[in-house]
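Asks: Below is the sequence, then the predicted model.
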Amino acid sequence: MIRAQDADFYKEQGYLLVKGVFNSEEVKEMREAVERIILRAAAANKDHNHAWQGDYLPPEQLKKLVLKGFHDVHYHDASFLRAIVHANMTSVLAQLIGPNVQLHHSKMLVKPPENGAAFPMHQDYPYFPHEKHTMLAASVHLDDADVDNGCLHVIPGSHRQGAMPHVGKHYLDAKQYPVSSGIACPAEAGDVLFFNYLTVHGSPANRSERTRRNVLFQYRSADDFPTEQVHFDWGMGLMVCGENPYFERARPDYRIVQHA
C-alpha cells in the first residue's frame with residue numbers, strides 16, 4: 001500500500017496521507033453508519049456538542065460552533081471494526097509502527113456545514129502518553145476535505161520536539177500556534193491521514209456548505225505501554241496485526257455495570 005520512502009517520510013515529518021485506502025462502497029457504508037449513530041445518540045439524549053471550549057475564540061463565537069464526536073464507534077457499528085482491521089490499513093500500520101499493532105480507541109468527528117467548530121493546534125500526547133511514542137492517529141475521510149470545510153493542518157516534523165506545554169492539557173497557545181501555522185492536508189473520501197500523536201495538528205472551522213465527516217482510529221505498538229492511568233477505552237489492546245508478545249497483558253480488566 002505504501003513504499004519504503006513513504007514510511008521514511010512519516011518518520012521524518014510525522015504524518016503521511018495515503019490515497020484510496022477505502023473504496024466508494026466502504027466509504028458509503030461508514031458514512032451511513034455515522035448518520036445512524038447520530039440519530040441513536042439523539043434518541044438517547046446523548047447528542048452533545050463537543051466543540052472545543054477555551055480562550056482561543058471569543059465566547060460569542062464559541063457558542064455558535066458545533067462538533068459531533070463519539071468514542072468507541074466500533075462498538076456502535078460493525079463497519080468500523082472492519083475498517084480498523086482492513087488489509088489496506090494493516091499494511092500501512094505494519095510499516096509505520098511495526099509488526100505487532102494494537103487499537104487504542106476509535107471515534108468519529110462530524111463538522112456540520114457553516115458552523116462546524118475548529119480544532120485549535122495541539123498534540124494528542126497529553127491525553128494518553130506512552131513510553132515509546134509509537135501511537136498514531138489514522139484519520140479516515142468520509143467526505144472530501146479542503147480548507148473551506150475544515151481539513152486537518154499539521155506542522156511537519158513537530159513530533160521531533162517531544163511533548164509540548166498545553167493550555168489546560170487541551171491545546172497549544174493559539175497565538176503562538178494558530179491553525180495557519182500548519183500546512184493544510186486536503187484529502188478525498190477514502191483517503192487516510194496518518195500522524196504521530198506528538199505531531200502538532202488542528203483544523204479550521206467548516207465555513208462551507210459541505211459536511212466534513214471523519215472517523216479516527218488510534219493505534220500503537222503492542223510493546224508501547226501507557227505512562228499514566230488515563231484515557232482507557234473499550235477494546236483498548238485489540239490486536240489488529242501481528243501478535244501480543246506479553247501473554248499476561250493480553251486480557252483487559254472489565255467490570256459489569258448494571259443499566260436500567
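Replies: Structure's in. What do you need?

Asks: Return the helix or strand in this structure with minimum mean pLDDT.
Replies: helix 59-62 (a mean of 45; mean pLDDT, DSSP states H and E).

Asks: Now do the same contact list for Gln218.
Replies: Leu103, His104, His105, Ser106, Asp124, Phe128, Met135, Leu136, Ala137, Ala138, Tyr197 (CB atoms under 8 Å, 6 or more residues apart in numbering). In short, each C-beta sits where N, CA and C put it, glycine included.

Asks: Nearest spatial neighbour of it, chain-adjacent residues omitted?
Replies: His104 (4.2 Å; CB to CB, 6 or more residues apart in numbering).

Asks: Against which helices or strands is the helix or strand hosting the one you found packed?
Replies: His104 belongs to strand 101-111 when assigned by DSSP states H and E. Where contact means 3 or more CB pairs under 8 Å, 6 or more residues apart in numbering; DSSP states H and E, strand 101-111 is packed against helix 24-43, strand 68-71, helix 78-84, helix 87-96, strand 212-221, strand 239-241.

Asks: which stretch among those comes nearest Phe9?
Replies: helix 87-96 (10.2 Å; CB to CB).

Asks: Return the list of helices and strands in contact with the closest one.
Replies: Contacts defined by 3+ CB pairs under 8 Å, 6+ apart place helix 87-96 against helix 4-13, strand 15-18, strand 101-111, strand 136-141, strand 192-196, strand 239-241.

Asks: and with 6 Å instead?
Replies: On a contact count with 3 or more CB pairs under 6 Å, 6 or more residues apart in numbering; DSSP states H and E, helix 87-96 meets strand 239-241.

Asks: buried ones in the strand it packs on?
Replies: Using 16 or more other CB atoms under 10 Å as the test for burial, strand 239-241 gives Val240, Cys241.

Asks: ditto for stretch 118-138
Replies: Those buried within stretch 118-138 under the rule 16+ other CB under 10 Å are 118-130, 133-138.

Asks: That stretch: how far from the chain's middle?
Replies: Distance of stretch 118-138 from the chain centroid (CA atoms, centre = their mean, to the nearest Å) equals 9 Å.

Asks: Tell me the span between the first and last residue of that stretch.
Replies: Start to finish, the residues bounding stretch 118-138 are 19 Å apart (CA to CA, to the nearest Å).
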